[in-house]
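In: quick one, fold the following:
(chains A and B)
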Amino acid sequence: MARIGVFVCHCGENIGATVDCARVAEACRKIPGVAHSVDYKYMCSDPGQTLIREAIAQNKLTGVVVAACSPRMHEPTFRRVCSESGLNPYLCEMANLREHCSWVHEKSDVTTDKAIDLVAMLVEKVKRNKPLHPIKVPVTKTALVLGGGISGIQAALDIANAGHKVILVERDPSIGGHMSQLSETFPTLDCSQCILTPRMVEVAQHPNITLYTYSELESLDGFIGNFKTRIRKKARSLDEKLCTGCGLCTTKCPNKKIPSEFNTGLGMRTAIYVPFPQAVPNKPVIDREHCTYYTKGRCRVCEKVCPTQAIRFDQEDQIVEHEVGAVVVATGFTVKETDFFPEYGYGKYKDVINGLQFERILSASGPTLGEVKRPSDGRVPETVVFIACAGSRDPAKGIEYCSKICCMYTAKHAMLYKHKVHHGQAYVFYMDIRAAGKMYDEFTRRAIEEDHVQYIRGRVSRIYERNGKLIVQGADTLLNAMPVEIEADLVVLATAGVANEGAEALAQKLHVSYDSHKFFVEAHPKLRPVETNTAGVFLAGACQSPKDIPESVGQASGTAAKVAALFSMDELTREPVVAVVNRTAPPLYSTCVGCFLCQSACPYQAIEREEIKNRNGQVVKTIAKVNPGLCQGCGTCVAFCRSKSIDLQGYTHEQVYAEVMELLS
Amino acid sequence: MKMGYYPGCSISGSSREYGESLLAVLRALDVELAEVEDWNCCGASAAHNLNHTLSLALPARSLALAEQQGFQELLVPCAACFSRLAATRKALMADDAKRRQIADLVELPMKNIPVSINLLQLLQRVLPENLKEKLRAPFDYKVACYYGCLLVRPAEVVEFDREEDPEEMDRIMEKIGAAPLDWAFKTECCGAGFSVPRTDVVGRLCARILDDAVSRGAEAVIVACPMCHSNLDMRRQASESHSGKKYTIPILYVTQAIGLALGLDAKQLGLQRHIVPVRLSAGKSSQILENAPA
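Out: Reported below is the predicted structural model:
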């Protein structure tokens, strides 16, 4: 006879204010098989846990139902309590009275009745629960880091310095990401390249890091500790071992008028190119879309001038395979182009640029060598207008969120402009100045007070060109919405930070969730900020949401700590909620008839074929078998099985049926 | 099936030439219209600032009548009327309870409320591909297409063209041989209903519009809204006294420009009704000059 204990939690006011917890406990006491039933204010607290521990010992309980919050929240807590009390943890279940009842209903008798139903269902289930034992799986102590920006670099270095192997994959020809494009960084105004490039070199030279640049993730299979990954190394069109990075090919390439991605289209590059002089690795790639040889079939100048004969026009993409135990996604973000703004000219004015472009104009390695010159005619702009929140916090544009970095970089832009053009005038149109962070508010104040940047609180309604000037029309909302019109030489839009193109497809490859803006979603916004809902896949940096450098680096180190903790164990324990094919005595051996519908339905390739042999070694039957290491317990095979031969441990037909019958009774 | 026609009050009054030229052009293009019988004021500019229910009920009555008279689509040439009728349809189709309430109020059933379309939407549909061949006097002038505030807005109601930088009128002008200019004031405010109480504000706003059009070499401003026309044409003096400049640039309705290109008579197009005389430069289309009023 079952002896079930029911523990009803008030969750403070969360449940207690809506559900009559005492009545729930009392009603449950009358359910056959319930040996003990109590309610308590905070069951997850230390006294609450002690309450359960003592009840298990005193009443010799054979199962426990905790009626409290979502099992996502505290199931591990209560299962551990049971385990410590000598009860198999899988004999403990949670009835969700908070999310499924008290939070969604008004206080009433009916609400309490529903709560009683929810608990009663779980009691019926627990009566049929069987002790289960966690599955042990080995861990491959190699991490795959996707993205070679500052987040990926930091995560890779931290994991590698902890003594583990890292495979770093970068889509572009060089690592460095957006940070390598920046001029100076807030709030200290140290040069971005100066602090970044040493780390890029460290990555390249680290004995624990294997670097794949100009490469993309092809596929990721498997599960935590045991992923299999395929990486596409795009053809650089040269033999990297022979190339010395002398750069002769890039100086001789006759095709010199290709907009440089690194310089955000403000400068030009050749068809065979290194994105920037400090690139890591410092080896060129041939852009086959623009190269004259690939488009017209002749030229081959680079091949002729290369002193080491490294050019390989016929090189093909290569697929490399690796086994890894954890994945860090650090694929970053991008910023909206100016053509996103109809009222600012749909990108048709050359001197309306975005923040990243202005970084290149300010940068000593940029197209103007750090001199502030405007793109249209190369003149030094006398008046520059900066527009914060260009797209961000604007539901009409479909971007409700704050891009977070713009207030600070706009203050920096205005400040650096004033440092370079002393007589120039800088205006900033803003909604609010959001400068929360160490030394951040002081920084924006400095822009206003010491560098005399004019901050105007209000929105710009339109920008148009008149006699070579950009007329910026706006309103000053601190002066009773007084119309403001500024004749500017250059306008810099702090355009919204958005997810990278292809983020959705990547998320699907990695089986991680993404939000409506295609940013990857963390497992818990507060308590699990670097994990995803897919075990073993972690996040770092702006692929999760727009972030500045300090925050990206902090998160990357946090992620690295999680990976190092994972790799500190030789074996992982996994939940035993997996599918099992039944086995019976001969001559049947199993009710499975070997149709293998389950095999085609399984999204994790977890179904294998098992041959059953008689004592003479002859195969008498081939049936399905579930690999518990690969099975994720989704239950798809269970639904597909025509002979009801597969069951999900912990959620068997019998258990679920008992729950439904209890609800209907 | 004829298309329904909701003229609105301006076309019956201060902008008769819009209606006259519209009917003349559509006749020439073999498009038949049937006026909604017993239509009433749409409530524009006043009602939606005073009483939300009234602002829905006024257009709703006309829409319900149109539905009763069997129309599925209504041409609403006035931009303000169009905005009110389209917004009312959207509001009532999205909310059954509201629709029943308003139907009770206007004492007419409302089920399939007819769709309102503006003049640009109609012209986009009915101007033939080979229009250029039919032109008797191509309208080869540099024009500034002025859409004003309501013709393509709000975007979620109109769902047509680009709300901040519309293009359809420019395309129509290209079809009749004109050269539409890239200018900055396509959708800027003309002062609209302030024409009477704050003529000075209208003068200031219209002066900016005229200034920009003229400085970019426009020979005519093209409009599709009676309010825009009144402010730019009738309030010319207010604009001039604001800026201290003289503006001779004429303001033409889209339909007048098309009518001239099709070779229709200037009188039929109501050109003589303008305050600012329609004088277009010589040497291009002599026929227009002959027909133009003094």
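In: when you work out contacts or count neighbours from here on, use the C-alpha atoms and nothing else.
Out: OK.
In: for residue 89, grab the count of nearby residues.
Out: Looking at chain A here, since you left the chain open. Counted with other Cα atoms under 10 Å in any protein chain shown, the neighbours of residue A:89 add up to 24.
In: sorry, I should have been clearer: chain B.
Out: 21.
In: so what does the host helix or strand of residue B:132 touch, helix or strand wise?
Out: According to DSSP states H and E, residue B:132 maps onto helix B:131-134. With contacts taken as 3 or more Cα pairs under 8 Å, 6 or more residues apart in numbering or on different chains; DSSP states H and E, helix B:131-134 sits against no other helix or strand.
In: show the subsequent helix or strand relative to that helix.
Out: Next along the chain from helix B:131-134, counting by DSSP H and E, comes strand B:142-145.
In: centre of the chain to that next one, how far?
Out: 15 Å (Cα atoms, centre = their mean, to the nearest Å).
In: let me know whether that strand sits next to chain A.
Out: No - Strand B:142-145 lies apart from chain A when judged by Cα under 8 Å from any Cα of the partner chain; the minimum separation is 14.8 Å.
In: can you give me phi and psi for residue B:222?
Out: phi -110, psi 130 (degrees, to the nearest 10).
In: you'd agree it is up against residue B:253?
Out: Yes - using Cα atoms under 8 Å, residue B:222 is in contact with residue B:253, at 5.5 Å.
In: find the nearest non-adjacent residue to residue A:559, please.
Out: Distances taken as Cα to Cα, 6 or more residues apart in numbering or on different chains put residue A:530 closest to residue A:559, at 5.7 Å, once the chain neighbours are dropped.
In: my read: that neighbour touches residue A:522, true?
Out: Yes - using Cα under 8 Å, residue A:530 is in contact with residue A:522, at 6.1 Å.
In: any residues in contact with both of the two?
Out: Residues touching both residue A:530 and residue A:522 by Cα atoms under 8 Å, 6 or more residues apart in numbering or on different chains: residue A:539.
In: helices or strands up against the helix or strand hosting residue A:493?
Out: In this assignment (DSSP H and E), residue A:493 forms part of strand A:490-495. Where contact means 3+ Cα pairs under 8 Å, 6+ apart, strand A:490-495 is packed against strand A:352-354, helix A:355-362, strand A:383-390.
In: run the chain-centre distance for it.
Out: In terms of Cα atoms, centre = their mean, the centre of strand A:490-495 is found 28 Å from the chain centre.
In: and after it, which helix or strand comes next?
Out: Downstream of strand A:490-495 (by DSSP H and E), the next one is strand A:497-499.
In: residues touching that next one, excluding its own?
Out: For strand A:497-499, contacts defined as Cα under 8 Å, 6+ apart pick out A:332-336, A:392, A:403, A:517-519, A:543, A:545-546.
In: quick one: strands adjacent to it?
Out: Strand A:497-499 has its sheet partners listed here by DSSP bridges as strand A:333-335 (antiparallel).
In: state the mean pLDDT of the strand it pairs with.
Out: Mean pLDDT, taken over the full extent of strand A:333-335, equals 97.
In: same check, this time on stretch A:355-370
Out: Here the average pLDDT along stretch A:355-370 is 95.
In: how about it: buried residues?
Out: Using 16 or more other Cα atoms under 10 Å in any protein chain shown as the test for burial, stretch A:355-370 gives A:355-368, A:370.
In: closest one of the residues you listed to residue A:300?
Out: residue A:367 (27.3 Å; Cα to Cα).
In: which residues touch the residue nearest to that closest one when sequence neighbours are not counted?
Out: Leaving aside its sequence neighbours, residue A:367 sits nearest to residue A:267 (Cα to Cα, 6+ apart; 5.3 Å). Contacts for residue A:267 (Cα under 8 Å, 6+ apart) come out as A:259-260, A:366-367.
In: distance to residue A:486 and secondary structure for these - can I get that in TSV?
Out: Converted to TSV, those look like this (distance: Cα to Cα, whole Å; DSSP: H, G, I helix; E, B strand; the rest coil):
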residue	distance to residue A:486	secondary structure
A:259	31	strand
A:260	31	coil
A:366	28	coil
A:367	27	coil
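In: write out the residues of chain A neighbouring chain B.
Out: A:342-343, A:464-465.
In: just among those, which is most surrounded?
Out: Using other Cα under 10 Å as the neighbour criterion, residue A:464 leads these with 20 neighbours.
In: pretty sure that residue contacts residue A:485?
Out: No - using Cα under 8 Å as the test, residue A:464 is too far from residue A:485 to be in contact (11.0 Å).
In: intersection of neighbour lists for the two?
Out: Common neighbours of residue A:464 and residue A:485, using Cα under 8 Å, 6+ apart, are A:471-472.
In: domain parsing for the chain?
Out: You didn't pick a chain, so chain A it is. Using automatic domain parsing, the domain parsing of chain A gives A:4-127, A:142-234+A:317-332+A:500-567, A:248-305, A:334-498, A:579-648.
In: look at chain B instead
Out: B:3-119, B:130-291.
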